[in-house]
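*Asks:* Give the three-dimensional model of this entry:
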Amino acid sequence: MRKNLCVGILRETRDEEQRVPLTPADVNWLIRRGISVEVESSHTRIFKDQMYRKSGARIVDRFSKASFLLGIKTPRTEDLYANK
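*Replies:* A predicted model of the protein is given here:
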């Protein structure tokens, strides 16, 4: 089942929010165990897109494979349906 598992990291909708649910090191840990990771591109996150890319994540504008999504703040419903 792990081979099909993909974690999605949401882009936060508040510009002042810099926290992340997973660090690039966490992402690398998951990937080494066969779990893929998609990260929505963000310019406000404390860790830059390039750091997640180097850890093995796919940087995306829209999720295509994520089995579930992680974020800090509650996402807006319209943002979730836009990625469906």
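*Asks:* can you list the weak-confidence ranges in the protein?
*Replies:* For the chain, the stretches with pLDDT under 70 are 1-3, 79-84.
*Asks:* Just read off the phi/psi values of residue 26.
*Replies:* Backbone torsions for residue 26, taken as degrees, to the nearest 10, come to phi -60, psi -40.
*Asks:* Give the full set of residues in contact with it.
*Replies:* By Cβ atoms under 8 Å, 6 or more residues apart in numbering, the contact set of residue 26 is empty. (Each C-beta comes from the backbone N, C-alpha and C, glycine too.)
*Asks:* which element is residue 28 on?
*Replies:* Element membership for residue 28 (DSSP states H and E) is helix 24-32.
*Asks:* same deal with residue 59?
*Replies:* Using DSSP H and E, residue 59 falls in strand 58-60.
*Asks:* Kindly report the same for residue 34.
*Replies:* Judged by DSSP H and E, residue 34 forms part of no helix or strand.
*Asks:* so how far is the host helix or strand of residue 50 from its chain's centroid?
*Replies:* Here residue 50 sits within helix 49-54, counting by DSSP H and E. Centre-to-centre, helix 49-54 and its host chain are 11 Å apart (Cα atoms, centre = their mean, to the nearest Å).
*Asks:* Okay, residue 56 and residue 73: tell me how far apart.
*Replies:* 25 Å (Cβ to Cβ, to the nearest Å).
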